[in-house]
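Engineer: Predicted coordinates and the sequence they were generated for:
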Amino acid sequence: MAPLGGVPGLVLLFSGKRKSGKDFVTEALQSRLGADVCAILRLSGPLKEQYAQEHGLDFQRLMDASTYKEAYRSDMIRWGEEKRQADPGFFCRKIVEGVCQPVWLVSDTRRVSDIQWFQEAYGAVTQTVRVVATEESRQQRGWVFTPGVDDAESECGLDNLRTFDWVIENHGDEQRLEEQLEHLIEFVRSRL
């Protein structure tokens with residue numbers, strides 16, 4: 001049974017390493033499709049909100065790409081893992097509540113359990129999208145390997161997944177990225 005919220009026509013689950021461009025890609029798609037058609041859902045949103053409440057922190061600062069967020073990232077990951085172990089669908093259910101747009105872009109899918117939850121809840125309308133970028137491209141965007149973060153399940157949980165419905169290469173070639181986005185947009189429109 002699907003949780004509270006609308007019934008989507010398409011759910012795209014985006015995954016990729018830190019600084020691969022998941023947010024950039026999902027925001028580009030939403031800007032072209034329109035916010036009335038397409039909602040960006042972030043699994044990290046309810047996680048960070050709950051973590052901020054329980055730890056007396058600034059939720060808005062945890063949502064941006066700041067050093068504030070980075071200072072709490074390791075503990076937030078540990079805390080989120082504890083929540084997921086107790087209830088694997090906890091954060092997934094939270095982000096779909098009240099969403100009424102026909103296309104959902106989940107911008108930060110990180111675990112097999114996230115994919116399984118959406119596939120079980122929404123079936124054939126669920127597709128996986130992997131955003132990949134070279135380490136060099138990621139470093140140019142500010143990525144630095146952080147032990148306990150970049151080698152944790154939150155970053156590596158989908159590394160061994162062999163098949164994604166879509167792979168978006170975001171190595172810095174704007175023309176190539178644009179071609180890939182156009183193919184994905186054509187697919188999305190075919191589902192509306």
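Structural biologist: Nice, I can see it. Bear in mind that the values here come from a model prediction, so they are computed numbers and not experimental data.
Engineer: Tell me how many other residues crowd residue 29.
Structural biologist: 22 (other C-beta atoms under 10 Å). C-beta here means a position set from N, CA and C on the backbone, and glycine is covered the same way.
Engineer: isn't it right up against residue 39?
Structural biologist: No. Contact criterion C-beta atoms under 8 Å: residue 29 and residue 39 do not qualify, at 10.9 Å.
Engineer: which residues are common contacts for those two?
Structural biologist: With contacts taken as C-beta atoms under 8 Å, 6 or more residues apart in numbering, residue 29 and residue 39 have residue 105 as neighbours in common.
Engineer: Go ahead and name everything in contact with the helix or strand bottoming out on mean pLDDT in the chain.
Structural biologist: The helix or strand of the chain with the poorest confidence is helix 153-156; it has a mean of 80 (mean pLDDT, DSSP states H and E). For helix 153-156, the external contacting residues (C-beta under 8 Å, 6+ apart) are 17, 18, 77, 80, 81, 110, 111, 149, 150.
Engineer: Find me the pLDDT at residue 146, would you?
Structural biologist: pLDDT recorded at residue 146 is 86.
Engineer: What number of neighbouring residues does it come out with?
Structural biologist: For residue 146, using other C-beta under 10 Å, the count is 14.
Engineer: can you pull the contacts of it?
Structural biologist: 70, 73.
Engineer: Helices along the protein, start to end?
Structural biologist: For the chain, applying DSSP state H gives helices covering 22-33, 44-55, 59-63, 67-86, 90-96, 112-122, 135-140, 153-156, 174-190.
Engineer: buried residues in the longest one?
Structural biologist: The neighbour-count criterion (16 or more other C-beta atoms under 10 Å) identifies 69, 72, 73, 76, 77, 79, 80, 84 as the buried residues of helix 67-86.
Engineer: do stretch 35-55 as well
Structural biologist: 37-48, 50-52.
Engineer: Off-centre distance for it?
Structural biologist: 10 Å (C-alpha atoms, centre = their mean, to the nearest Å).
Engineer: Quick check: end-to-end length of that stretch?
Structural biologist: By C-alpha to C-alpha, to the nearest Å, the extent of stretch 35-55 from end to end equals 32 Å.
Engineer: I'd like the average pLDDT over it.
Structural biologist: On average, stretch 35-55 scores 92.
Engineer: what does it rub up against?
Structural biologist: So stretch 35-55 is contacted by 26-27, 29-30, 57-59, 62-63, 69, 72, 76, 79-80, 83, 91-92, 94-96, 99, 101-110, 114, 188, 192 (C-beta under 8 Å, 6+ apart).
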